[in-house]
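Task: produce atomic coordinates for the following.
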Amino acid sequence: MSARVVLSFTTVTLLVFVLAACVWAQPRDPRPPLGPSPAAPATVLPPPPPPPSPPAAVVNGRVVTEEEATRFAWTQMGRQILEGVIDQILIRQAANAAGLKVSSEEVTKRIASLAIEAGNTEKLIAQRGVAGLAALRTQIETEIFLEKLVENASKVTEEEARAYYEAHLAEYSTPTQIHLFEIVTQEAETAYQSRRRIASGEAFGTVAKETSAAASAANGGDLGWVTLEQVEPPALRPVVATLTVGEVSTPILANGKFYIVMVSEKKAGETKSYESVRDEILAKLRAEKGASKENVLMSLRRRAKISIAAEPYRYLAAEYAQLGQVKVVADGKPVTLSKPPIIVPPGRVIAPVAEVFRALGCRVQWVARTKTLVVGTEEKSVRLTVGSDKGELETGSLPLDGKVELRDGVVWAAPRPIAEALGFKLRWDPWSYTLEFSKPAE
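Here you go, the predicted model:
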């Protein structure tokens, strides 16, 4: 085709020259022209053919066409390129939603620092595998955006820290400690005689060594420093709690034995102030958030709605969709469910209650008449009625995180209140999209 176009152009050019020569050779009329001659129509020439595309490569005389090279890129490197573009879009969308900014100066400064390590900017561009400086700047800007997203994800607000402090007040409180002595006998008469001897002025330790049947007798009945919760048997605790320093109790019958107890010293308990433990709490919560570049990027992928139109990579759509599935782990072992938990607005995790708690060893019963699901262990049970935002325990109602739902014949609800009411521990890992259950101790 191009050859024909070139030939036609040459022929037309020759004809123009021939006609011009013929006109020039005609005899001229000496008379002046009577008026302007009408303009001859302009000759429209076809455009020149486009230059042929250079081959992508020539191997021992064999030309590698651009089409072949493009197909190779799609099949061999296309996934990596496509995923990189998707990640870049996700990062920039998230940064924009968070109101984050990256200045031109930040990018320039980062490139200058990296160029020193690489040797120069050209070497840095080659190392990064980008087309040029503009592409490098885009890449670096995206990386800085990701760093700022990680920083945002690691932030802990004062409200979060104070809420943690209030919920874990026992961790920052030291209970009252008492220096406790005891005398333990099998017979009531021995116990009362021992009490009378102490009341008459004999040292508690001397009497304990002579009359107590407990192992502590060798130390004069000295049990050392203990908290009230450590006093055994528990029946003694109310008495010990009321004793003043130096006061000796009357004989107390507990578990078939007679006890005489004395408090020799007391150390008042204290609760650390929020201000004194604030930095410790902030560090703990930041560590629990576990933000990293990998975690933040994976979180963006999980929450995104991604469709793949390119035929060779449509399988990636299923992979992205699978990333968004919530997993369940019980005592460190993965639990396979026919319907995995899902996240519903505004970010609540709900699960198919019956299947989840059966996997945890619970008994589950469905009462169709009242649309109620009963979930229980040997000790406790929870009744969940479809449409209600409260469960029922033997001791009263249980506030739920949202209403109980019935979806395609399956009861769905937020699992945390149910799990904790039954004695399980539940931890949500936002980075791995995992519900981690710990069964109650046997």
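
Now do the strands in the stretch 251-400 of the chain.
For the stretch 251-400 of the chain, the strands identified by DSSP state E, counting those that start in this stretch occupy 252-254, 257-267, 270-271, 327-330, 333-335, 342-344, 348-352, 363-367, 372-376, 381-385, 390-393, 396-399, in order along the chain.

Okay, domains of the chain per the record?
Residue ranges for the domains of the chain, per automatic domain parsing: 1-25+42-52, 66-154, 177-268, 326-438.

Which of the three states applies to R195?
For R195, the reduced secondary structure class is helix; criterion used: DSSP: H, G, I helix; E, B strand; the rest coil.

Now do the contacts for it.
Residues in contact with R195 (CB atoms under 8 Å, 6 or more residues apart in numbering) are V248, T250, P251, I260. For glycine as for every other residue, the C-beta is placed from the backbone atoms N, C-alpha and C.

Would you mind writing the CA trace of stretch 359-370 as CSV?
Taking Å, rounded to 0.1, in the frame of the first residue of the first chain, the C-alpha atoms of stretch 359-370 are listed here in CSV:
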residue,chain,number,x,y,z
ALA,A,359,-16.4,-24.7,65.9
LEU,A,360,-15.6,-23.5,69.4
GLY,A,361,-17.3,-26.5,71.0
CYS,A,362,-20.5,-24.8,72.1
ARG,A,363,-24.0,-26.2,72.0
VAL,A,364,-26.3,-24.5,69.5
GLN,A,365,-30.1,-24.7,69.3
TRP,A,366,-32.5,-22.9,66.9
VAL,A,367,-36.0,-22.3,68.1
ALA,A,368,-38.0,-21.5,65.0
ARG,A,369,-41.2,-20.5,66.7
THR,A,370,-39.5,-17.5,68.4
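
neighbouring contacts of that stretch?
Under CB under 8 Å, 6+ apart, the answer for stretch 359-370 is 328, 330, 335, 337, 353-354, 357-358, 372-377, 381, 385, 411, 419, 422, 424, 437, 439.

Show me which of those residues are buried.
Listed as buried from those are 328, 330, 335, 337, 353-354, 357, 372-377, 381, 385, 411, 419, 422, 424, 437, 439; burial here means 16 or more other CB atoms under 10 Å.

I'd guess Q80 is in a strand, am I close?
No: looking at Q80 with three-state DSSP, it is helix, so not inside a strand.

State the distance from it to F145.
Relative to F145, Q80 is positioned 20 Å away (CB to CB, to the nearest Å).

Of those two, give the one with the bigger neighbour count.
Using other CB atoms under 10 Å as the criterion, Q80 and F145 rank with F145 on top: 21 against 9.

so what's the closest residue to V386 other than its chain neighbours scoring on pLDDT?
Distances taken as CB to CB, 6 or more residues apart in numbering put K371 closest to V386, at 4.2 Å, once the chain neighbours are dropped. Model confidence at K371, expressed as pLDDT, equals 95.

can you check the one 4 residues further on too?
Reported pLDDT at V375 in the predicted model: 95.

With P38 instead?
For P38, the pLDDT comes out at 53.

Going forward, count from 558.
Sounds good: first residue 558 from here, last item P595.

any idea how far R794 is from Y816?
Applying CB to CB to R794 and Y816 gives a distance of 12 Å.

now L780
11 Å.

Have a look at these two and say which one is more surrounded.
Set side by side, L780 and Y816 show unequal neighbour counts under other CB under 10 Å, the larger going to Y816 at 24 against 17.

show me the contacts for the more buried one.
Under the criterion of CB under 8 Å, 6+ apart, the neighbours of Y816 are E739, I740, V741, A748, L793, S806, P808, I809, L810.

One more pass at 6 Å, please.
With contact taken as CB atoms under 6 Å, 6 or more residues apart in numbering, Y816 is in contact with V741, L793, I809.

Leaving out the residues flanking it, which one is nearest to it?
Y816's closest residue in space is I809 (CB to CB, 6+ apart), at 4.7 Å.

Which pLDDT value belongs to G689?
At G689 the predicted local distance difference test score is 92.

Give me the pLDDT value at the closest residue to it other than its chain neighbours.
Leaving aside its sequence neighbours, G689 sits nearest to I682 (CB to CB, 6+ apart; 6.5 Å). pLDDT for I682: 94.

do the same with the one 4 residues further on
G686 carries a pLDDT score of 86 in this model.

residues near it, how many?
Taking other CB under 10 Å as the criterion, the count of residues near G686 is 9.

What of the one 5 residues further on?
The criterion is other CB under 10 Å. On that basis, A691 has 9 neighbouring residues.

give me phi/psi at it?
Dihedral pair for A691: phi -60, psi -40, per degrees, to the nearest 10.

now swap in the one 10 residues further on and tell me
Listed backbone geometry of I701 is phi -70, psi -40, with angles given as degrees, to the nearest 10.

Once you drop chain neighbours, what's closest to it?
Taking CB to CB, 6+ apart as the measure, I701 lies nearest to V659, with 4.8 Å between them; neighbours along the chain are not counted.
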